[in-house]
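Peer 1: My questions are about this predicted structure, shown below with the sequence.
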Amino acid sequence: MTFWLLLTVNSITFGGLLFLLSSGFSLIFGLMRIPNLTHGSMFMVGAYLGTTFLSGTLGFTLDFWAAAVIAALEVAILGALMERLLLRRLAGQQLAQVLVTLGVSFMVADLCLMGWGGDPISVATPAGLGGFVRAGPAVFPLYRVAVIGIAVVFAVALWLMLERTRLGAMIRAGVDDPQMARVVGIRVSRLFTIVFGLGAGLAGFAGMIGGPILSVYPGLDQDMLPLALVVVILGGTGSLLGSFVGSIIVGFIYNFGQALLPELAYFVLFLPMVLVLVLRPQGLFGGQVL
Amino acid sequence: MTVRHALLAAAILALIAVPYAITEQYYVNIASQILLYAVFALGLNILVGYGGLVSLGHAGLSGVASYAAAYLLAAGHGHVVAIAGALAAGLVTTAGFAALSLRASGISFIMITLALGEIIWGLAYRWISITNGDNGISVATRPAPFGLSLASADGFYDATLIVFLIAVAACAIFVHSPFGAALAGTRDQPRRMNALGFHVWLIRFWAFMFSGLLSAVAGILFVYYNEFISPQALALTASAEGLLMVISGGAGTLLGPVVGAALVVIVKNVVSAYIARWNFLLGAIFVLIVVFMPEGLVPGTVRLFRVAWRSARRPKPATAAAAATPAGEPKP
């Protein structure tokens, strides 16, 4: 019983982390119609930058949350720059854009290996969240519960942003029909930069938040990118609700798969994606932003 | 006998002469690597260049064949069984890939093939009781068809060359056949082809199978060349490398993937002797080629030569030369 309860909490935690990662991926896909193959790299770079701020090698040490926020901002700027300087040159050529993101992901992975070395770096749990929560017979690490909370806060904030703000309305219009959005005077190309930066920042933030659970190591990008892909194919591209539900589903399958069928964990993970592709190619919530 | 035929004959003779001209085994081995990667790139090019379907999971197809061969050999079977089994495994996997991924095209196709490739990689990495996980499977011997040993670098090169030439010939026949024309039609105008009564899905399916067959052949060559297979060979990097070969050389041309394979293998081997940052260079080349020479090196060079040739002969109408149809437009 304890085992199942623990596995469930871990699954929801991982799902929350995946939501932070894949909501940006999904928005970028919905708006620009390209899978951003650097999204795993953004996750990894965020985590690496965060650990650097924590370690004090720069001459100062930041608090965990400050490190996460600053790392996220830096990754957001990197993402926006990449959109502006590289992807903008290839506007309209989606295949070329995808290939460029693939190329950049290799460059980033190699640069990270050069900068931070090949050894995994563990991230200390932030102060005050190192404790445990007792729920009946089970004991959960407090940090995992906190991650769930963070994911929920971000989900609500993103929903409010998309639903209630002018920017959100413009993004929804852009996802729905970019040409029509242009016609009514929305600068869709500027939205591209904003959404790309926002998605990258979310991924970088997720990387740091995931640090105490996953640690940071070379290859983390390649581990996370397929998960984001599966979430988005499951939930439907460009759909916030889809990436939320998809993340939770994938979180459960990933953790239960690892625990019960370790040898076939990956296979089991991709099975629902295949089923969705066969039965409902647009994804569970495809075609709607919210 | 045109210039084209003469060039072709000269190229084949040069390829045959490689082990005699180069005595150092290391370079003969690099030549073998180029040829076996060229087979892989030719297979991928059928789909990417002629079908307009960009696959990022092809290393999974060659990897399945490699693993099947290594597994059967490790289980004590002969080379004939291993090769037949590897081809069968490669083709069955390809059929599965095709059935799932051909529901989509364009960007979704990329995502689905990428995910499928990752499944195969995940199986190779985690299904330890079959694949031996990260440690991989070693292959003790290379086959000796008709009593000719492939154990030496020269012997293996000759065998790879024969396979490579067959693959090139098969691709040439395929591309120039009515089926190849139909495939190019589904790339350019899928809806019109459908309206004309062509079964677009089925055409793409068989193109995928042919592509998978060549990938499986390359996978078998790969496992015999290295006498070892590990999940590394199935990673996304390997698929991306294959795609880089096709795109850098020129997708949708016969020669392009071969040139691309040579470029990638040479840069990889030469550069890795000096710096360890091969992946960075791979990414940088990828980005540069996509941004600045999207049609690839072969068509790009041909275009430049044509422009230069025409302007040298007739200096006046430079606009006519510029308007001449480029050999290969980048396909979405």
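Peer 2: Everything's here; your move.
Peer 1: Just the CA trace of the strand or helix carrying residue A:74, in PDB.
Peer 2: Element membership for residue A:74, per DSSP states H and E: helix A:64-82. Extracted C-alpha coordinates of helix A:64-82, given in PDB (Å, rounded to 0.1, in the frame of the first residue of the first chain):
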ATOM      1  CA  PHE A  64      17.700  28.100  -4.700                       C
ATOM      2  CA  TRP A  65      14.600  30.000  -5.800                       C
ATOM      3  CA  ALA A  66      16.600  33.000  -6.900                       C
ATOM      4  CA  ALA A  67      18.900  30.700  -8.800                       C
ATOM      5  CA  ALA A  68      16.000  29.000 -10.500                       C
ATOM      6  CA  VAL A  69      14.300  32.300 -11.500                       C
ATOM      7  CA  ILE A  70      17.600  33.900 -12.800                       C
ATOM      8  CA  ALA A  71      18.500  30.700 -14.700                       C
ATOM      9  CA  ALA A  72      15.000  30.700 -16.200                       C
ATOM     10  CA  LEU A  73      15.300  34.300 -17.300                       C
ATOM     11  CA  GLU A  74      18.700  33.600 -18.900                       C
ATOM     12  CA  VAL A  75      17.400  30.600 -20.800                       C
ATOM     13  CA  ALA A  76      14.400  32.700 -21.800                       C
ATOM     14  CA  ILE A  77      16.700  35.300 -23.300                       C
ATOM     15  CA  LEU A  78      18.700  32.600 -25.100                       C
ATOM     16  CA  GLY A  79      15.500  31.100 -26.500                       C
ATOM     17  CA  ALA A  80      14.300  34.500 -27.700                       C
ATOM     18  CA  LEU A  81      17.700  35.200 -29.200                       C
ATOM     19  CA  MET A  82      17.700  31.900 -31.000                       C
END
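Peer 1: What residues of it count as buried?
Peer 2: By 16 or more other CB atoms under 10 Å in any protein chain shown, the buried positions in helix A:64-82 come out as A:64, A:67-76, A:78-80, A:82. Just so you know, the C-beta spots here come from the backbone N, C-alpha and C atoms, and that holds for glycine as well.
Peer 1: Chain B contacts on the stretch 101-250 of chain A?
Peer 2: Residues of the stretch 101-250 of chain A found near chain B (CB under 8 Å from any CB of the partner chain) are A:102-111, A:113-114, A:222, A:226, A:229-230, A:233.
Peer 1: run the last query once more with 6 Å
Peer 2: A:102, A:103, A:106, A:107, A:110, A:226, A:229 (CB under 6 Å from any CB of the partner chain).
Peer 1: distance of the nearest residue to residue A:262 once chain neighbours are set aside from residue B:102?
Peer 2: Among residues not flanking residue A:262 along the chain, residue B:126 sits closest, at 6.8 Å (CB to CB, 6 or more residues apart in numbering or on different chains). Residue B:126 is 27 Å from residue B:102, where distance means CB to CB, to the nearest Å.
Peer 1: swap in residue B:36?
Peer 2: In terms of CB to CB, residue B:36 sits 27 Å off from residue B:102.
Peer 1: In terms of neighbours, single out the busier of the two.
Peer 2: Each of residue B:36 and residue B:102 has its neighbours counted (other CB atoms under 10 Å in any protein chain shown); residue B:36 has more, 28 against 20.
Peer 1: what does the helix or strand the more buried one falls within contact?
Peer 2: Using DSSP H and E, residue B:36 sits within helix B:25-45. Where contact means CB atoms under 6 Å, 6 or more residues apart in numbering or on different chains, the residues beyond helix B:25-45 that reach it are B:18-19, B:22, B:58, B:62, B:153, B:156-157, B:160, B:164, B:167, B:171, B:211, B:214-215, B:217-218, B:221-222, B:225, B:242, B:245-246, B:257-258, B:260-262, B:265, B:269.
Peer 1: Let me know the pLDDT of residue B:288.
Peer 2: Per-residue confidence (pLDDT) for residue B:288: 87.
Peer 1: any idea which helix or strand carries it?
Peer 2: Going by DSSP H and E, residue B:288 is in helix B:278-292.
Peer 1: Can you confirm whether that helix lies near chain A?
Peer 2: Yes - counting by CB under 6 Å from any CB, chain A has neighbours in helix B:278-292: B:279, B:280, B:282, B:283, B:284, B:286, B:287, B:290.
Peer 1: Could you give me the buried positions within that helix?
Peer 2: For helix B:278-292, a neighbour-count test (16+ other CB under 10 Å) marks B:278-287, B:289-291 as buried.
Peer 1: and it, what other elements does it pack with?
Peer 2: Under the contact criterion of 3 or more CB pairs under 6 Å, 6 or more residues apart in numbering or on different chains; DSSP states H and E, helix B:278-292 touches helix A:94-116, helix B:256-274.
Peer 1: most tightly surrounded among those?
Peer 2: Burial among these, expressed as mean neighbours by mean count of other CB atoms under 10 Å in any protein chain shown, is greatest for helix A:94-116, which shows a mean of 22.
Peer 1: Any idea how far whatever helix or strand residue B:162 lives in is from the middle of the chain?
Peer 2: Counting by DSSP H and E, the element that carries residue B:162 is helix B:153-176. In terms of CA atoms, centre = their mean, to the nearest Å, the centre of helix B:153-176 is set 12 Å apart from its chain centre.
Peer 1: Stretch B:73-82 too?
Peer 2: Put simply, stretch B:73-82 sits 25 Å off its chain's centre (CA atoms, centre = their mean).
Peer 1: which one of the residues of the stretch 101-250 of chain A next to chain B is nearest residue A:156?
Peer 2: residue A:229 (24.9 Å; CB to CB).
Peer 1: what's whatever helix or strand the closest one lives in packed up against?
Peer 2: In the assignment (DSSP H and E), residue A:229 maps to helix A:220-235. Packing contacts for helix A:220-235, counted by 3+ CB pairs under 6 Å, 6+ apart, involve helix A:2-32, helix A:39-55, helix A:240-260, helix A:265-279, helix B:106-126.
Peer 1: how about a cut-off of 10 Å?
Peer 2: helix A:2-32, helix A:39-55, helix A:94-116, helix A:188-214, helix A:240-260, helix A:265-279, helix B:106-126, helix B:236-249 (3 or more CB pairs under 10 Å, 6 or more residues apart in numbering or on different chains; DSSP states H and E).
Peer 1: Could you figure out how far the helix holding residue B:288 is turned away from helix B:236-249?
Peer 2: 40 degrees (axes from the mean of the first three to the mean of the last three CA atoms, to 10 degrees).
Peer 1: Report the inter-axis angle for helix B:278-292 versus helix B:256-274.
Peer 2: Going by the same axes, to 10 degrees, helix B:278-292 makes 140 degrees with helix B:256-274.
Peer 1: what's the following helix or strand after helix B:278-292?
Peer 2: Later in the chain than helix B:278-292, the nearest helix or strand by DSSP H and E is helix B:297-313.
Peer 1: who does that following helix touch, helix- and strand-wise?
Peer 2: Packed next to helix B:297-313, using 3+ CB pairs under 10 Å, 6+ apart, are helix B:236-249, helix B:256-274, helix B:278-292, helix B:318-323.
Peer 1: Go again with 6 Å.
Peer 2: helix B:236-249, helix B:256-274, helix B:318-323.
Peer 1: Against residue B:140, how distant is the residue nearest to residue A:262?
Peer 2: With distances taken as CB to CB, residue B:126 is found 25 Å from residue B:140.
Peer 1: For the stretch 151-290 of chain A, which residue gets nearest to chain B?
Peer 2: Residue nearest to chain B within the stretch 151-290 of chain A: residue A:266 (2.5 Å; CB to the nearest CB).
Peer 1: correct me, but that residue touches residue B:122?
Peer 2: Yes - taking CB atoms under 6 Å as the definition, residue A:266 is a contact partner of residue B:122 at 2.5 Å.
Peer 1: All set now, cheers.
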